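Participant: Quick one: sequence plus predicted model below, questions after.
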Amino acid sequence: MEEKIKETIDKIRPMLQADGGDVEFVGFEDGVVKVRLKGACAGCPMSQMTIKNGIERLLKQKIPEIKSVERV
């Protein structure tokens, strides 16, 4: 499961890196993916939208077992 999550996150990373940010997979437990935003994304006021509308949406499409994505 974690490998599938990492592969999917790797598809998102270039878009974030283009804006000076990045995302790092931290863990997966009980259907919840934990990620850490880095660089410009870490302090961005739009980071919650990036997580919910970008990362979470794509992960749920690819891996139905995922319930949510949380920032740590």
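Facilitator: Arrived safely.

Participant: ok, the residue positioned nearest the centre of the chain - contacts?
Facilitator: The residue lying closest to the centre of the chain (C-alpha atoms, centre = their mean) is Ile55, at 4.1 Å. Counting by C-beta atoms under 8 Å, 6 or more residues apart in numbering, Ile55 makes contact with 9, 12, 23, 35, 69. For the C-beta atoms, the positions are set from N, CA and C on the backbone; glycine is no exception.

Participant: ok, of the residues you listed, which one's closest to Met49?
Facilitator: Of all the contacts of Ile55, Val69 has the smallest distance to Met49: 12.0 Å, by C-beta to C-beta.

Participant: Select the helix or strand of this protein having the lowest average pLDDT value.
Facilitator: Every helix and strand of the chain was ranked by mean pLDDT, DSSP states H and E. The lowest is helix 47-49, at a mean of 89.

Participant: related to what we said a few turns ago, tell me the buried residues within the contacts of Ile55.
Facilitator: Among those, those classed as buried by 16 or more other C-beta atoms under 10 Å are 9, 12, 23, 35, 69.

Participant: Leaving out sequence neighbours, find the closest residue to the last one.
Facilitator: Meaning Val69. Computed as C-beta to C-beta, 6 or more residues apart in numbering, the closest residue to Val69 that is not its neighbour in sequence is Glu56, at 3.9 Å.

Participant: Over to the second one?
Facilitator: Closest residue to Ile12 apart from its sequence neighbours, by C-beta to C-beta, 6+ apart: Ile55 at 5.8 Å.
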